[in-house]
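my questions are about this predicted structure, shown below with the sequence.
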Amino acid sequence: MCWPTEEERWEPSSRIKVLYFIPNRVGIIDGTLIFLDEAPLHDAVPYFSRKTRYALSLLVFVMTKGGVFTSMVLGQVQPMIIGLGESVR
């Protein structure tokens, strides 16, 4: 996930302000857990969730261009720390 340029931010920001009356936003982000029936065979600890089950974490970022997913991260439950200016691929 890369931060959009100033030009790329204008259209989604305007649309979110009109639709939801929330200024200065470029997209919507949400996440969920996908529960696993069993613990992963290797390195299971990072997949143990606060719900006391093993799970994958799904994080989705949507810009308002037709509601299309612009970025998605699927991985372990434990925090993945991303610094400013870094990209998730």
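Right, received. Where do you want to start?

any weak-confidence spans in the protein?
Where the chain drops to pLDDT under 70, the residues are 1-2, 64-71, 78-89.

and the strand or helix carrying Glu7, how far out from the chain's middle?
For Glu7, the element it lies in under DSSP states H and E is helix 6-20. On the basis of CA atoms, centre = their mean, to the nearest Å, helix 6-20 sits 18 Å off its chain's mean C-alpha point.

so which elements touch that helix?
Taking 3 or more CB pairs under 8 Å, 6 or more residues apart in numbering; DSSP states H and E as contact, there are no helices or strands that helix 6-20 lies on. In short, each C-beta sits where N, CA and C put it, glycine included.

tell me the first helix or strand C-terminal of that helix.
Counting by DSSP H and E, the next helix or strand C-terminal to helix 6-20 is strand 28-35.

partner strands of that following strand, with direction?
Taking DSSP bridges as the criterion, strand 28-35 forms sheet pairs with strand 55-62 (antiparallel).

follow-up on the earlier one: may I see the buried residues of the helix holding Glu7?
Going by neighbour count (16 or more other CB atoms under 10 Å), the buried part of helix 6-20 is 9, 12-13, 16.

can you lay out those as CSV showing distance to Leu58?
Formatted as CSV, the buried residues of helix 6-20 follow (distance: CB to CB, whole Å):
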residue, distance to Leu58
Arg9, 24
Pro12, 21
Ser13, 25
Ile16, 22
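
list just the nearest of these to Val73.
Using CB to CB, Pro12 comes nearest to Val73 of the buried residues of helix 6-20, at 19.1 Å.

the closest one reaches Gly27, doesn't it?
Yes: using CB atoms under 8 Å as the test, Pro12 is close enough to Gly27 to be in contact (5.9 Å).

dump the residue contacts of the residue nearest to Arg9 when sequence neighbours are not counted.
Counting by CB to CB, 6 or more residues apart in numbering, Arg9 lies nearest to Val26, which is 4.7 Å off, once chain neighbours are set aside. With contact set as CB atoms under 8 Å, 6 or more residues apart in numbering, Val26 has these partners: 4, 8-9, 12-13, 16, 63.
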